[in-house]
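Participant: Got a sequence here, can you build the structure:
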Amino acid sequence: MNTDKFTAEGKEVILYHAEAAGSPLVIFNSFGDEGEAVWKAARQLSDKDFNLVSISIPDWNRDMSPWQCPPITPQDTPYTGGADAHLKLILEEILPEALKRVGGTPARISIAGYSLAGLFALYALYQTDVFTRAASMSGSLWFPDFRDFVVSHEMKAKPEKVYISLGNKEAKTRNPYLRTVQENTEAVVEYYRAAGIDVTWEMNPGNHFRDAELRSAKGILAIV
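Facilitator: Residues are numbered from 1 along each chain as shown. Purely as a prediction, here's the structure:
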């Protein structure tokens, strides 16, 4: 496993190298250090060659949230809307540094994420045309007003492919925020399809926390 490590504003970034020059590059925002597990899972599932840039996010509810939202459980912390600042860091520091280190020019640059990072991956398409494909695995599309945001804003460029998945038990909760996730996700999928976007939509067995690395790997493979 050939890797490079660097930091950007205190965030650890690990680049997992493709074997061939010019292979696609995927930006993956990671909760903790799960990037390696996702990389290994993808390698076990497929021989597709790609570069993975895993960014460890120390303040998840800040960096992955597009705007402010109060805590959704008593144990939760506020969502403080730092997505734009984090995306700026990706575009101006992390991605340029990664491109210096990969072999050749990537065939395409995509973005992927799980949970709130899945929401971030879709949100990024409305802020930049750098990413030509996106994958949102068990994305937090329960996030207040995001469904309305999707239908009232235009993406910077029509993506080549979008992959969206969800666990079939994720909406089975009394939490007023989380129980909207399947309805909102299905509405977004249908909206994208009606707009002529190539969308792969997949339901996985289990709740939000089941097989996160495997689901992430499957989504990434779908867009490389």
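
Participant: Show me what stretch 38-50 is in contact with.
Facilitator: The contact list for stretch 38-50 (C-beta atoms under 8 Å, 6 or more residues apart in numbering) reads 1, 16, 18-20, 23-26, 28, 30, 52, 54, 213-214, 216-218, 220-221, 224. To be clear about C-beta, it is placed using only N, CA and C from the backbone, and glycine gets the same treatment.

Participant: what residue is smack in the middle of this protein?
Facilitator: Gly113 (2.2 Å; C-alpha atoms, centre = their mean).

Participant: which residues touch it?
Facilitator: Gly113 neighbours (C-beta under 8 Å, 6+ apart): 28-29, 64, 119-121, 135-137, 139.

Participant: Any chance of TSV for these, columns distance to Glu12 and neighbour count?
Facilitator: As requested, the contacts of Gly113 are exported to TSV (distance: C-beta to C-beta, whole Å; neighbours: other C-beta atoms under 10 Å):
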residue	distance to Glu12	neighbour count
Phe28	13	25
Asn29	12	29
Met64	16	26
Leu119	22	23
Phe120	17	29
Ala121	19	30
Ala135	22	30
Ser136	23	29
Met137	21	30
Gly139	23	29
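
Participant: Sitting in strands, which of those residues do you find?
Facilitator: The strands, defined by DSSP state E, take in 28-29, 135-137 from the contacts of Gly113.

Participant: Return the member of the residues you listed nearest to Tyr163.
Facilitator: Nearest to Tyr163 out of the ones in strands among the contacts of Gly113 is Ala135 (C-beta to C-beta; 4.1 Å).

Participant: Identify all residues paired with that closest one through a beta bridge.
Facilitator: Ala112, Tyr163 (DSSP bridges).

Participant: Ala222 is in contact with that one, correct?
Facilitator: Yes. If you go by C-beta atoms under 8 Å, Ala135 and Ala222 touch, sitting 6.2 Å apart.

Participant: of the ones in strands among the contacts of Gly113, closest to His86?
Facilitator: Among those, and counting by C-beta to C-beta, the member closest to His86 is Asn29, at 7.8 Å.

Participant: Tell me the confidence at the closest one?
Facilitator: If you check Asn29, the pLDDT there is 97.

Participant: Identify the bridge partners of it.
Facilitator: Ile55, Gly113.

Participant: Would you mind measuring from it to Thr105?
Facilitator: Counting by C-beta to C-beta, to the nearest Å, the gap between Asn29 and Thr105 amounts to 23 Å.

Participant: again with Asn51
Facilitator: Counting by C-beta to C-beta, the separation of Asn51 from Thr105 is 11 Å.

Participant: swap in Thr132?
Facilitator: 13 Å.

Participant: ok, now Ser56?
Facilitator: 26 Å.

Participant: Looking at those two, which is more packed in?
Facilitator: Each of Ser56 and Thr105 has its neighbours counted (other C-beta atoms under 10 Å); Ser56 has more, 17 against 10.

Participant: circling back: among the contacts of stretch 38-50, name the buried ones.
Facilitator: Listed as buried from the contacts of stretch 38-50 are 16, 18, 23-26, 28, 30, 52, 54, 213-214, 216-218, 220-221, 224; burial here means 16 or more other C-beta atoms under 10 Å.

Participant: Show me the residues you listed that map onto strands.
Facilitator: Per DSSP E, the subset of the buried ones among the contacts of stretch 38-50 in strands is 16, 25-26, 28, 30, 52, 54.
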